[in-house]
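Visitor: With the input below, show me the fold.
(2 chains)
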Number of protein chains: 2
Amino acid sequence: MDKFLKEKFNIVISVGDEKGIGPEVILKALALNELHLNSRILIVGSKKNLISEYKLLKSLGTKNIINPEELTIEDPKVSTSFKNIDMTNSGNASFYYLKHATEIVKSLSNAALVTGPICKKSWAESGHFYSGQTEFLSESCKVKNVGMLFTAKSPITGWRFNTLLASTHIPLKEVPKCLNNDLIVSKLDLFLKFLKKFQQKPFVKVAGLNPHAGEEGLLGSEETDWLTETLKNWAELNQNVKLEGPISPDSCWISSAKAWKETVSESHDGILAMYHDQGLIPVKVIASNYSVNTTIGLPFLRTSPDHGTGFDIAGKGLAQCQSMIEAIKTAKELSI
Amino acid sequence: MDKFLKEKFNIVISVGDEKGIGPEVILKALALNELHLNSRILIVGSKKNLISEYKLLKSLGTKNIINPEELTIEDPKVSTSFKNIDMTNSGNASFYYLKHATEIVKSLSNAALVTGPICKKSWAESGHFYSGQTEFLSESCKVKNVGMLFTAKSPITGWRFNTLLASTHIPLKEVPKCLNNDLIVSKLDLFLKFLKKFQQKPFVKVAGLNPHAGEEGLLGSEETDWLTETLKNWAELNQNVKLEGPISPDSCWISSAKAWKETVSESHDGILAMYHDQGLIPVKVIASNYSVNTTIGLPFLRTSPDHGTGFDIAGKGLAQCQSMIEAIKTAKELSI
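Guide: Numbers count the residues shown, from 1 in each chain, chains lettered A, B, ... in the order given. The predicted model follows:
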């Protein structure tokens, strides 16, 4: 922490599960000089393991990786009491890296958190029962209304593609039960607060829940029962937003694909999706590798790459670091 | 019917709802000479209305439209008894155009059906209670297991992108209840029969139902309860298929976007989606305007453009005909 100054913007990176590709994509991403400009980077993870990872990647012929000796590493002591159970130990360690990184970010006024991927199952097996890192952060910061936002900046047009999820990691059959007026209003409020940073009068689109947004009640009743009314009321209270919805989900993202590829006159600033795959299928099809999982609503910004631990390709030098690069860039760009 | 010969391949087009954009996209599409090559085209609809549409479009300055006088038009007598209710009359007419067109196609051995968009509500208001044209066709042909397939040929690589829906026009909350072993097996059987026309050993991907395909039961149980087992058993019985699934829905279509834009070494031949928007969101994002709604499992092939009636833009000359062009091309290409 000594070299970690309060004058510059601070990016704190937890390495995630060390049996996965987190350390690899971090070492690859941080070889890019521009990520170090105008900010200080602090890694939270095992220095010993990062050095092993570096040596392994070097032996595989990987170029363009940073030597961990050049990095500022915060190495919290973590118990490895789950004897001979590697996965559980690395799951346990990844939890404490996140916890420690969160404490650092909370103690600074000018910092953002970037999290490497973790394995929910290994967390559970080591006694940490959260459905994801977001839920831990929400509890740790005592904030109930957080939002899972996927944001990506088009390398072609510079347009920022924002998709917020109204519901996240729940079974599909739970989705219609969990959506209601209050949830949608809270997510729209959160989204607006975020979008207002960039746009005076943001254009927000909201997807329907059912095919063809229910087609006037023929293909589902949530839109006619309450969703349309909720959006109408919210738009009346928020005249500083252009709101459109509920839109037929299958056409809602067509204009995003267009704005990603070419400059269009009136592109939207954000889309609220009703559930995980409704939002993430188009995000990954349109902005694969560029999309960053962002938590909004916390006292600080948190980003993470949009991929998982990649256990099957870990230790082979095969992992792509584009999404980690974007996560670090985005953490800075959206915080400052 | 006189000029309609049995020697050539026949494409029978029902105009759909005449208050919508069906007639406009048909007149625009058929201006393209190549659609008439090696096939005969028969339109089922009101000749008088097509001529009015033609005159209207001409008066708006629309170029490249065919004069209905150059077309073979079958004009069945349709009651207009819903006095002064235009929408109901056009809904009623669109039903009888489809019925008549279907009878013609059934009477020929070398024909395909192309259907213009209809309005389900207007069908219902004129006493025709079907959840869509597909359901009417299924009943008319006495075939229970039909499939709603979206197919698109990439204009860049020539690769054909096929997505079959396991469930179609039902509310989202009904999806988990309607999916089961027998349904998935019947859809895979149908898909295989279709794909075998083009590939000796097709590569079929199957999306999961839940986020991350359930993540080992943590985010939904259908995959672990039966879906994974169903796919395993089906693959064992069908060694002439390469089957992959259940795949995390949010990554299932990433490779489709790639194969659409560039030639890849091992692209898939088809994806089975669990529900309407899971399949149609990526189809429309990747292949907007090129995608064709195809019914498989009938004694003949039926295609239709992937858009609706477009009542809001009808009569303004604004409708894009690319999807109708693709529907006609596809009807021929996949039938012969």
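Visitor: Leaving out chain neighbours, which residue sits closest to A:Glu174?
Guide: A:Ser167 (7.8 Å; CB to CB, 6 or more residues apart in numbering or on different chains). In short, each C-beta sits where N, CA and C put it, glycine included.
Visitor: count of neighbours near the one you found?
Guide: When neighbours are counted by other CB atoms under 10 Å in any protein chain shown, A:Ser167 registers 23.
Visitor: Just the element for it, please.
Guide: Under DSSP states H and E, no helix or strand contains A:Ser167.
Visitor: That one contacts A:Met274, correct?
Guide: Yes: counting by CB atoms under 8 Å, A:Ser167 does reach A:Met274; the two are 6.7 Å apart.
Visitor: what's the overlap in contacts for those two?
Guide: Common neighbours of A:Ser167 and A:Met274, using CB atoms under 8 Å, 6 or more residues apart in numbering or on different chains, are A:Val175, A:Leu179.
Visitor: Just want the residue of the stretch 201-336 of chain A that's nearest chain B.
Guide: Nearest to chain B, among the residues of the stretch 201-336 of chain A, is A:Gly220, at 3.3 Å (CB to the nearest CB).
Visitor: if I pick the residue nearest to A:Glu174, what's in contact with it?
Guide: A:Glu174, A:Val175, A:Cys178, A:Leu179, A:Leu183, A:Met274, A:Tyr275, A:His276.
Visitor: same check, this time on A:Lys120
Guide: A:Tyr130, A:Ser131, A:Gly132, B:Glu215, B:Leu218.
Visitor: gap between the fourth one and chain A?
Guide: This means B:Glu215. Distance, B:Glu215 to chain A, by CB to the nearest CB, to the nearest Å: 7 Å.
Visitor: residues near that residue, how many?
Guide: Neighbour number of B:Glu215 under other CB under 10 Å is 20.
Visitor: And the second one, by the same measure?
Guide: Residue crowding around A:Ser131 was assessed by other CB under 10 Å; the count is 16.
Visitor: Also A:Pro155?
Guide: A:Pro155, neighbours per other CB under 10 Å, totals 12.
Visitor: Same check on A:Leu165?
Guide: Neighbours of A:Leu165 (other CB under 10 Å): 23.
Visitor: quick one: pLDDT of it?
Guide: A:Leu165 carries a pLDDT value of 97.
Visitor: surely it meets A:Val146?
Guide: No: if you go by CB under 8 Å, A:Leu165 and A:Val146 don't touch, sitting 11.0 Å apart.
Visitor: that older thread, min pLDDT across the contacts of A:Lys120, which one?
Guide: A:Ser131 (81).
Visitor: So that one belongs to a strand, correct?
Guide: No: counting by DSSP: H, G, I helix; E, B strand; the rest coil, A:Ser131 falls outside a strand, being coil.
Visitor: The nearest residue to it once chain neighbours are set aside and B:Tyr96: what is the separation?
Guide: Of all residues beyond its chain neighbours, the one nearest A:Ser131 is A:His169 (5.2 Å), with distances taken as CB to CB, 6+ apart. Using CB to CB, to the nearest Å, we find A:His169 at a distance of 49 Å from B:Tyr96.
Visitor: Could you do A:Lys28 as well?
Guide: 64 Å.
Visitor: more neighbours, those two?
Guide: A:Lys28 (23 against 18).
Visitor: which ones are touching that one?
Guide: A:Thr62, A:Asn64, A:Ile65, A:Ala319, A:Cys321, A:Met324.
Visitor: Generate a ChimeraX selection restricted to the buried subset of those.
Guide: In ChimeraX, this line selects whichever of these come out buried by 16 or more other CB atoms under 10 Å in any protein chain shown:
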select /A:62,65,319,321,324
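Visitor: Columns pLDDT on top of the contacts of A:Lys28, output as JSON lines?
Guide: Shown next, in JSON lines, are the contacts of A:Lys28 (pLDDT from 0 to 100):
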{"residue": "A:Thr62", "pLDDT": "94"}
{"residue": "A:Asn64", "pLDDT": "93"}
{"residue": "A:Ile65", "pLDDT": "96"}
{"residue": "A:Ala319", "pLDDT": "94"}
{"residue": "A:Cys321", "pLDDT": "94"}
{"residue": "A:Met324", "pLDDT": "96"}
